[in-house]
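> how does the following fold in three dimensions:
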Amino acid sequence: MNDTILEKAKVWTDSPFDSITRAAVKDLMENHPEELYESFYKDIDFGTGGMRGIMGVGTNRINKYTLGQASEGLSRYLKSQFPDDEIRIAIAHDTRNNSEELTEAISAIFSGHGFRVFLFDSFAPTPMLSFAVRQLKCHAGIVLTASHNPPEYNGYKVYWNDGAQIVPPHDKKIIESVRNTDYGTLNFSGNPDKITTLSDELNETYFNLLRGVGIHHSGKEYIKIVFTPLHGTTVHLLPAALEATGFNSPLLVVEQSIPDGNFSTVKSPNPEEAEALAAAMQLASDEDADLVIGTDPDGDRIGIGVKGEKNDYVLLNGNQTAAVLIKYLLSEKAGNGTLPDNAFIAKTIVTTDLLSDIAGTYNVECHECLTGFKWIADLIRKFEGKKVFIGGGEESYGYLIGDFVRDKDSIVAAVILAEIVAWAKQRGSSFYRELMEIYAQYGYYHDQLHSLTLKGSEGAERINTMMQAFRQSPPTSLMGEKVLQMKDFKSLEETDVATGKKKSFTFESSNVLQFFTENGSRITVRPSGTEPKIKFYFSLKQAVHNGIAIADLMAQGREKVAECIRELNL
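From the prediction side, this is the model:
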């Protein structure tokens, strides 16, 4: 065993760590050397979605001490940024195991500093934390969540005073403050007088704003919706939001409507995966429903199923849903004269370019940003008072309409997606047919994600090796197409693959590579910031001609991606 690891672990067997923690670390030292290594080989850090990891003892685990250290470091940084204010902070958590205890621990840290702490009375969706920060004029916000990660995970996301997740320079400065915080300085006694429990008034304010987002309001009572919260936080709020905006109460997947940190009815509580929505799709078929909605545990992502051409049920991917959503918002606002001249939409660099094609039809700017919805929120902040944000999305099932929340929001997305279903049904169309019409107009985009899960320190090293190999020896062909260009978002250089010539470009730096082919295809490679994965995003554009079925183009796209995966030995 590495001596450095043993020294780090030994620190955790004495004060200030509690007796349970000390005993757990001693057990790892005596009986579980591999787990000891994984628990202490590094300090857990912030990624695209904040700090996220496996719960347990150690510096590389989520526990009251690593979260306490983060909270103490954040407290000191907030004091340096707002020296004359009584600092206000909102805190929420999802339905994960240990979230209530961890929330109590970090609340004690903040209240002990004299901060005014606002707590939700129970679990709450992530977008409501963003909303609370803005409504309560907080300086910061925290949500404890690990999104759709497995049950052993939890996490800690930090929001700034605009209700958006932290971005540079705050993120790096907060990390610096955290790393300069010793565990011995943590005070978990707290000040209960500084803690306020939030009432339902916040929900009502949110619902009032939701009512102003919609465009068409007739026909809502004629659609039937099936909903599963996948054991998460939207179980009460999303049905209430639908009812508040004119829809009938959705049919719930009862067994998945029980808050459960073990997510006992699914392999993964991720609406991106068909298995997670299988029960909802079956209920929709039994009830002849018009729309299936599934949200992840913290309520920021949403997956949907709709009726296809043969009255069967089809699960849409995040790019497809985003395309119909953006087309509806822009076309209907343009049609009724409410689309501002300075409107813009936003998407991430791995989200389909179909969104920018659609925006161009309406002379609306489409701004791109790095992966992670915090970057879309950053664009909203930068353009505030200059441009009007209509909506945005990312391929990973995250969408935002309007700007009163500054993170992806499954609730406002559910309301507008249901509105589109009702609007299309009244016109003798359907959500799926609207998607097919978009493909007919703009061409078929085959957007597909392939992920490799590589856990632990060995997995992290393998991911680093793969990224280095791609940089040093870029592929010259992919999917049978010649690769023309490699774009490196870490060095901010574009490389002509044939000549090796480089030129710089301006963007936020990130460990991402993009390859562009002669036929206009795009392949993006990036390590996940929140999971032990390396992700490959494939995007192929194919023209739609008379006599060519979209289903055939989909099949061709899947085969080309499969060919590329084999070619890269993934």
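> who's in contact with Pro192?
Shown in contact with Pro192 (C-beta atoms under 8 Å, 6 or more residues apart in numbering): Ser111. C-beta here means a position set from N, CA and C on the backbone, and glycine is covered the same way.
> how near is it to Ser111?
7 Å (C-beta to C-beta, to the nearest Å).
> what do you get for Asp162?
23 Å.
> over to Glu458?
Distance from Glu458 to Ser111, by C-beta to C-beta: 41 Å.
> those two - which one has more neighbours?
The neighbour count for Glu458 versus Ser111, taken as other C-beta atoms under 10 Å, is higher for Ser111 (20 against 10).
> what about the stretch 1-150 of the chain, any weak spots by pLDDT?
Along the stretch 1-150 of the chain, the parts satisfying pLDDT under 70 run over 1, 46-49.
> now do the helices in it.
3-11, 19-31, 33-40, 64-81, 99-112, 126-135 (DSSP state H, counting those that start in this stretch).
> what of the stretch 151-300 of the chain?
170-179, 201-211, 237-244, 278-287.
> quickly list the domain ranges of the chain.
1-41, 43-199, 206-214+221-442, 444-567 (automatic domain parsing).
> check the offset of stretch 376-388 from the chain's centre.
Relative to its parent chain, stretch 376-388 has a centroid offset of 19 Å by C-alpha atoms, centre = their mean, to the nearest Å.
> wait, isn't Phe17 in contact with Tyr65?
Yes - counting by C-beta atoms under 8 Å, Tyr65 is a contact partner of Phe17 at 6.7 Å.
> shared neighbours of these two, which are they?
In contact with both Phe17 and Tyr65: Tyr183, using C-beta under 8 Å, 6+ apart.
> before we move on, the earlier item: most tightly surrounded among the helices of the stretch 151-300 of the chain?
Highest mean neighbour count among the helices of the stretch 151-300 of the chain (mean count of other C-beta atoms under 10 Å): helix 237-244, with a mean of 20.
> any idea how far Lys310 lies from Ala551?
11 Å.
> more neighbours: those two, which one.
Ala551 (10 against 7).
> that one belongs to a helix, doesn't it?
Yes - using DSSP: H, G, I helix; E, B strand; the rest coil, the assignment for Ala551 is a helix.
> ok, it - contacts?
Contacts of Ala551 (C-beta under 8 Å, 6+ apart): none.
> do Lys455 as well
Here Lys455 is in contact with Pro532 (C-beta under 8 Å, 6+ apart).
> how much space between it and Asp45?
Lys455 is 17 Å from Asp45, by C-beta to C-beta.
> next one: Arg61
12 Å.
> comparing the two, which shows the higher neighbour count?
With neighbours defined as other C-beta under 10 Å, Arg61 and Asp45 compare such that Arg61 has more, 19 against 14.
> phi, psi of that one?
Arg61 adopts backbone torsions of phi -130, psi 160, taken as degrees, to the nearest 10.
> isn't it right up against Ile54?
Yes - the criterion here is C-beta under 8 Å, and Arg61 meets it with Ile54 at 5.8 Å.
> per-residue pLDDT of Gly547, please?
We note a pLDDT of 69 for Gly547 in this prediction.
> over to Asn311?
On pLDDT, Asn311 comes in at 86.
> give me the neighbour count for it.
Around Asn311 sit 9 other residues, with neighbours defined as other C-beta under 10 Å.
> ditto for Leu449
17.
> so who does it touch?
Here Leu449 is in contact with Glu395, Lys535, Phe536, Tyr537, Phe538 (criterion: C-beta under 8 Å, 6+ apart).
> Lys79 and Val133: what is the separation?
Where Val133 is concerned, Lys79 sits at a distance of 18 Å (C-beta to C-beta).
> Ala418 now?
Taking C-beta to C-beta, one finds Ala418 at 27 Å from Val133.
> which one's more surrounded, those two?
The residue with more neighbours, out of Ala418 and Val133, is Val133; 29 against 26, by other C-beta under 10 Å.
> so how far is Glu101 from Lys64?
In terms of C-beta to C-beta, Lys64 sits 7 Å off from Glu101.
> looking only at neighbour counts, state which of these two leads.
Between Lys64 and Glu101, Lys64 has the larger neighbour count (other C-beta under 10 Å), namely 21 against 10.
> separation between the residue nearest to that one when sequence neighbours are not counted and His32?
Distances taken as C-beta to C-beta, 6 or more residues apart in numbering put Ala105 closest to Lys64, at 4.2 Å, once the chain neighbours are dropped. With distances taken as C-beta to C-beta, Ala105 is found 25 Å from His32.
> so for the two, which sits in the more crowded spot?
Ala105 (19 against 12).
> about what we covered before: which of the helices of the stretch 151-300 of the chain has the lowest mean pLDDT?
When I compare those, helix 170-179 is least confident, with a mean of 89.
> which elements pack onto that one?
For helix 170-179, the packing partners by 3 or more C-beta pairs under 8 Å, 6 or more residues apart in numbering; DSSP states H and E come out as strand 46-47, helix 64-81, strand 153-160.
> only C-alpha atoms, please: export the second one in PDB.
Which is helix 64-81. Taking C-alpha atoms only, helix 64-81 is exported to PDB below (Å, rounded to 0.1, in the frame of the first residue of the first chain):
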ATOM      1  CA  LYS A  64     -20.200  15.000   6.200                       C
ATOM      2  CA  TYR A  65     -16.500  16.000   6.400                       C
ATOM      3  CA  THR A  66     -15.800  16.400   2.600                       C
ATOM      4  CA  LEU A  67     -19.100  18.300   2.300                       C
ATOM      5  CA  GLY A  68     -18.300  20.200   5.500                       C
ATOM      6  CA  GLN A  69     -14.900  21.200   4.100                       C
ATOM      7  CA  ALA A  70     -16.600  22.300   0.900                       C
ATOM      8  CA  SER A  71     -19.200  24.300   2.900                       C
ATOM      9  CA  GLU A  72     -16.500  25.900   5.100                       C
ATOM     10  CA  GLY A  73     -14.400  26.900   2.100                       C
ATOM     11  CA  LEU A  74     -17.500  28.300   0.300                       C
ATOM     12  CA  SER A  75     -18.500  30.200   3.500                       C
ATOM     13  CA  ARG A  76     -15.100  31.900   3.600                       C
ATOM     14  CA  TYR A  77     -15.200  32.700  -0.100                       C
ATOM     15  CA  LEU A  78     -18.800  34.200   0.200                       C
ATOM     16  CA  LYS A  79     -17.600  36.400   3.100                       C
ATOM     17  CA  SER A  80     -14.700  37.700   0.900                       C
ATOM     18  CA  GLN A  81     -17.100  38.500  -1.900                       C
END
